[in-house]
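# no sequence on hand, only this structure:
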């Protein structure tokens, strides 16, 4: 079980009133950062795995609005609230949308599927793409002498 899942279980068992907000995937990061920006710039879009898994992308602003609406709302107490946008899309679907809107090919590479194959061939345990992001953040942080988050933001694209 993931650390987030264990934390949620602990919180739910604690007796402390809680509201867990669980957005599926942020549009501004996943759609714009991973697909939109490279597509518009004519760069190769990196797709995680086969790119077939469906996501319910949601705007960070919508999540913030939803969080504000849960404050002092008795029906939100002791609830785990799953949040998602109006349409369920895979990364392949998103690339196809950009291709249609830009009226040109959008090069893409399913790099993570190749990485997973190599990891399994080496007999190593499975790793999620998100775990690699945390590993990269830890590595960049350890290699930097500054206390500023700027090197991480520059490398990973989010604060």
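The structure has been received and is ready for your questions. This one's a predicted model, so the numbers in the text were calculated from it and none came from an experiment.
# next, the buried residues of stretch 82-97.
Applying a neighbour-count criterion of 16 or more other CB atoms under 10 Å, the buried positions in stretch 82-97 are 85, 89-91, 94-95, 97. Using the backbone N, CA and C atoms, a C-beta is placed for each residue, glycine as well.
# once you drop chain neighbours, what's closest to the most centrally placed residue in the chain?
Compute the mean C-alpha point of the chain, and by CA atoms, centre = their mean the closest residue is residue 25, 5.1 Å away. The spatial neighbour of residue 25 that comes closest, neighbours along the chain excluded (CB to CB, 6 or more residues apart in numbering), is residue 55 at 4.4 Å.
# number of residues surrounding that neighbour?
Burial measure for residue 55: 20 neighbouring residues, criterion other CB atoms under 10 Å.
# dihedrals phi and psi, it?
Torsion angles at residue 55 (phi, psi; degrees, to the nearest 10) stand at phi -130, psi 150.
# can you pull the contacts of it?
Applying CB atoms under 8 Å, 6 or more residues apart in numbering to residue 55 gives the contacts 24-25, 30, 84, 88-91.
# again, only using 10 Å
Residues in contact with residue 55, defined by CB atoms under 10 Å, 6 or more residues apart in numbering, are 24-27, 30-31, 84-85, 87-91, 93-94.
# distance-wise, check it relative to residue 125.
24 Å (CB to CB, to the nearest Å).
# same deal with residue 118?
Following CB to CB, the distance that separates residue 118 from residue 125 is 13 Å.
# of the two, who's got more company?
In this view residue 118 and residue 125 are compared by other CB under 10 Å, and residue 118 has more residues nearby, 9 against 6.
# beta-bridge partners for the residue nearest to residue 25, please?
In this structure, residue 55 bridges to residue 89 when assessed by DSSP bridges.
# now, the contacts of residue 55 that are in strands?
25-26 (DSSP state E).
# helices of the protein, residue ranges please.
3-14, 37-40, 60-70, 91-102, 111-121, 129-142, 150-156 (DSSP state H).
# pick out the shakiest of those helices, pLDDT-wise.
Mean pLDDT is lowest for helix 150-156 among the helices of the chain, at a mean of 61.
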